[in-house]
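Visitor: Sequence and predicted structure, then a few things I'm wondering about:
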Amino acid sequence: MPNHLARTYQQARSDFLADAARAGGEVISYKHPQTGLEGEELAIDVAQFGGGEASSVLFVVSGTHGVEGYSGSALQRHLISGYLADRSAEQAAALRVVLVHALNPVGFSWVRRVNEDNVDLNRNFIDWGGPLPADAGYDEIADLVVPQEWSADAQEASTAQLLEVVARVGLADFQARISSGQYRHKTGIFYGGAEKTWSHRWLEDHADMLAGSATKVGIVDLHTGLGPWGHGELISHEARSDAGYERGIQWWGEVRSMADGESVSAAVTGDWLGRSQVFLGQREVTAVALEFGTVDVIAVLQSLRADAWLHAYGDPTGPDAPAIRAKVRAAFADDDPLWIETLAVRLDEVIAGSVAGLTN
C-alpha cells in the first residue's frame with residue numbers, strides 16, 4: 001500500500017500507469033480535450049486485469065469527484081500490488097477487474113470536486129430528455145452559499161446566515177437543500193449541469209464495451225468527505241426493497257440505502273451509479289459507493305464554497321488559489337499514513353465481498 005498520497009494529478013497518473021503496466025494490466029487511455037493545472041495531458045485511464053471471457057467483471061472507479069481521486073488512485077494502486085498480484089491464474093480467469101482511474105480528470109488536476117463546467121458528475125446523470133429537477137430549497141440560499149465577495153467579513157456574514165437556516169430547518173433538511181443537486185445556479189455547488197458532461201458521455205459510450213461478455217457486474221465507486229474519520233460506509237443508490245440492495249447485503253453485510261435516508265449522504269439526484277444499469281443493459285449489476293470520512297461536514301462545506309467562489313468570481317491562477325486548493329484537498333484527502341492504511345484495510349474487506357459475490 002502506498003504510504004502517502006500523490007501531490008499532483010500528474011504524479012498520481014504516472015504512478016498508476018507504471019504500476020498497472022508492471023502488473024501486466026491491459027491499459028487504455030482516453031484523452032480529455034482539456035489540459036490540467038500544470039498544462040499536463042488529462043485522461044481517463046483504464047487498466048484491465050484477468051480473463052477477457054470472464055462471466056463476471058468488477059469495476060473499481062476513482063475520481064468521480066476529482067479531488068477525491070487522490071485517495072482513490074492510491075487505493076487502486078493498493079489493489080494492483082495486493083489482491084491483483086496475489087490471485088491465481090484460475091481466479092484471474094474467473095473474474096476480470098477493471099480499474100477506471102480519474103473519471104473526472106479535470107477536477108482531479110485542479111483539486112476540485114467538480115469538472116471543467118463546475119458540474120458535479122454525481123448530479124449529471126439525470127434523464128436529459130425530461131424536465132430538470134426542481135431545486136427550490138437551494139434557490140433560497142444560493143447567494144449565501146457562494147457570495148460574490150470572499151473577504152473575511154463576507155465569509156463570516158454569509159456563514160452566520162446559513163447557520164440561521166440550519167437552526168430553522170434542521171441539519172438533515174439543510175444538507176438535502178445544499179447537496180441533493182441543483183440545476184439553475186451554474187456557479188453554485190452541487191450543480192448538475194445543463195447537458196451531459198464529457199465524462200457522462202464517456203461512460204455512456206464505453207461501459208458496455210468494458211463489461212464485455214460478463215453477465216454479472218460489480219461496481220465500487222471510491223469517495224471521500226462524509227462520515228467519521230477513516231470510516232468506510234457502503235452507500236447504495238437503491239431502496240431496501242430493491243434486488244440490487246439485497247445482493248449488496250449478501251456481498252458486504254452492512255449497506256446503507258441513500259434512497260431510504262440511511263446514509264451519511266443525502267438522497268441525490270443524477271448519481272451515475274443510479275444510471276449504471278441503463279449503460280450495462282441486461283447484465284446483473286450490483287453497485288455501491290464506498291465513502292470514507294475525513295473532516296467534519298462544516299469544514300467540507302466551507303472548502304466547497306471557497307472553491308466555487310474562486311472559480312466564479314476570483315482568479316483560479318491568482319494569489320488566493322493555492323490556499324483554497326489546499327483547503328479543498330485537506331477536506332477530501334488526509335495525508336496521514338494511518339488514514340490511508342485504515343482505508344486500505346476497509347477496501348480489502350469490500351473487495352473480498354465483491355469477489356465472493358461475483359464468483360459464487
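Guide: Arrived safely, thanks for sending. The structure displayed is predicted, hence computed values, not measured ones.
Visitor: Please name the residues that touch the residue lying closest to Val146 once chain neighbours are set aside.
Guide: Spatially, and ignoring its direct neighbours in sequence, Val146 is nearest to Ala308 (4.5 Å; C-beta to C-beta, 6 or more residues apart in numbering). Backbone N, C-alpha and C define where each C-beta goes, glycine included. Contacts here follow C-beta atoms under 8 Å, 6 or more residues apart in numbering; on that basis Ala308 touches 118, 145-146, 187-189.
Visitor: can you pull out the helices in the stretch 1-150 of the chain?
Guide: 9-22, 69-81, 83-86, 89-94, 105-110, 136-145 (DSSP state H, counting those that start in this stretch).
Visitor: Put together a markdown table for these, with mean neighbour count and mean pLDDT on each row.
Guide: Listed next are those as a markdown table, based on neighbours: other C-beta atoms under 10 Å; pLDDT from 0 to 100:
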| stretch | mean neighbour count | mean pLDDT |
| --- | --- | --- |
| helix 9-22 | 19 | 98 |
| helix 69-81 | 26 | 98 |
| helix 83-86 | 15 | 96 |
| helix 89-94 | 13 | 94 |
| helix 105-110 | 28 | 98 |
| helix 136-145 | 16 | 92 |
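Visitor: Report the secondary structure element holding the residue nearest to Val146.
Guide: helix 297-312 (DSSP states H and E).
Visitor: Following the chain onward from that helix, which element is next?
Guide: Using DSSP H and E, the helix or strand that directly follows helix 297-312 along the chain is helix 321-332.
Visitor: Tell me which residue lies nearest the centroid of this protein.
Guide: The geometric centre of the chain, computed from its C-alpha atoms, lies nearest to Thr64 (C-alpha atoms, centre = their mean), at 3.4 Å.
Visitor: re the thing from before, right, and the helices of the stretch 1-150 of the chain - which one's nearest Asp348?
Guide: helix 83-86 (7.1 Å; C-beta to C-beta).
Visitor: how distant is the closest one from the center of its chain?
Guide: 24 Å (C-alpha atoms, centre = their mean, to the nearest Å).
Visitor: what's in contact with that helix?
Guide: 23, 25, 49, 97, 348, 351, 355.
Visitor: let's go with 10 Å and repeat that
Guide: For helix 83-86, contacts defined as C-beta atoms under 10 Å, 6 or more residues apart in numbering pick out 19-20, 22-25, 47, 49-50, 76, 78-79, 91-92, 97, 99, 347-348, 351-352, 355.
Visitor: pretty sure Ile340 contacts Ala333?
Guide: Yes - counting by C-beta atoms under 10 Å, Ile340 does reach Ala333; the two are 9.3 Å apart.
Visitor: okay, and the common contacts of the two?
Guide: In contact with both Ile340 and Ala333: 5, 70-71, 74, 292, using C-beta under 10 Å, 6+ apart.
Visitor: Can you get me a residue count around Glu195?
Guide: By the criterion of other C-beta atoms under 10 Å, Glu195 has 10 neighbours.
Visitor: just to revisit the earlier point, and the pLDDT at the residue nearest to Val146?
Guide: On pLDDT, Ala308 comes in at 98.
Visitor: for this protein, what's the longest helix?
Guide: helix 337-359 (DSSP state H).
Visitor: okay, the angle between that helix and helix 69-81?
Guide: Orientation check (axes from the mean of the first three to the mean of the last three C-alpha atoms, to 10 degrees): helix 337-359 against helix 69-81 gives 60 degrees.
Visitor: Now do helix 337-359: distance to the chain's middle.
Guide: 17 Å.
Visitor: Now do the buried residues in it.
Guide: 339-340, 342-344, 346-348, 350-351, 353-355, 357-358 (16 or more other C-beta atoms under 10 Å).
Visitor: Next: stretch 270-281.
Guide: So for stretch 270-281, counting by 16+ other C-beta under 10 Å, buried means 270-277, 279-280.
Visitor: What's the end-to-end length of that stretch?
Guide: 18 Å (C-alpha to C-alpha, to the nearest Å).
Visitor: element containing the residue with the largest distance to the centre of the chain?
Guide: Residue farthest from the centre of the chain, counting by C-alpha atoms, centre = their mean, is Asp153 at 32.6 Å. Secondary structure from DSSP H and E places Asp153 in helix 152-169.
Visitor: Against which helices or strands is the helix or strand just after that helix packed?
Guide: Under the assignment DSSP H and E, the closest C-terminal helix or strand after helix 152-169 is helix 171-179. Applying 3 or more C-beta pairs under 10 Å, 6 or more residues apart in numbering; DSSP states H and E, we find helix 171-179 packed against helix 136-145, helix 152-169, helix 297-312.
Visitor: how about helix 171-179: buried residues?
Guide: 174-179.
Visitor: Then stretch 230-240?
Guide: When burial is assessed from 16+ other C-beta under 10 Å, stretch 230-240 yields the following buried residues: 230, 232-238.
Visitor: what do you get for stretch 155-168?
Guide: Those would be 155, 158-159, 162, 165-166, for stretch 155-168 by 16+ other C-beta under 10 Å.
Visitor: same check, this time on stretch 30-39
Guide: Buried, per 16+ other C-beta under 10 Å, within stretch 30-39: 30, 32, 36-37.
Visitor: now the end-to-end length of that stretch.
Guide: With C-alpha to C-alpha, one end of stretch 30-39 sits 17 Å from the other.
Visitor: any idea of the mean pLDDT in it?
Guide: On average, stretch 30-39 scores 97.
Visitor: Ok, stretch 295-304 next?
Guide: 95.
Visitor: Also stretch 319-330?
Guide: On average, stretch 319-330 scores 98.
Visitor: cool, and stretch 230-243?
Guide: Here the average pLDDT along stretch 230-243 is 96.
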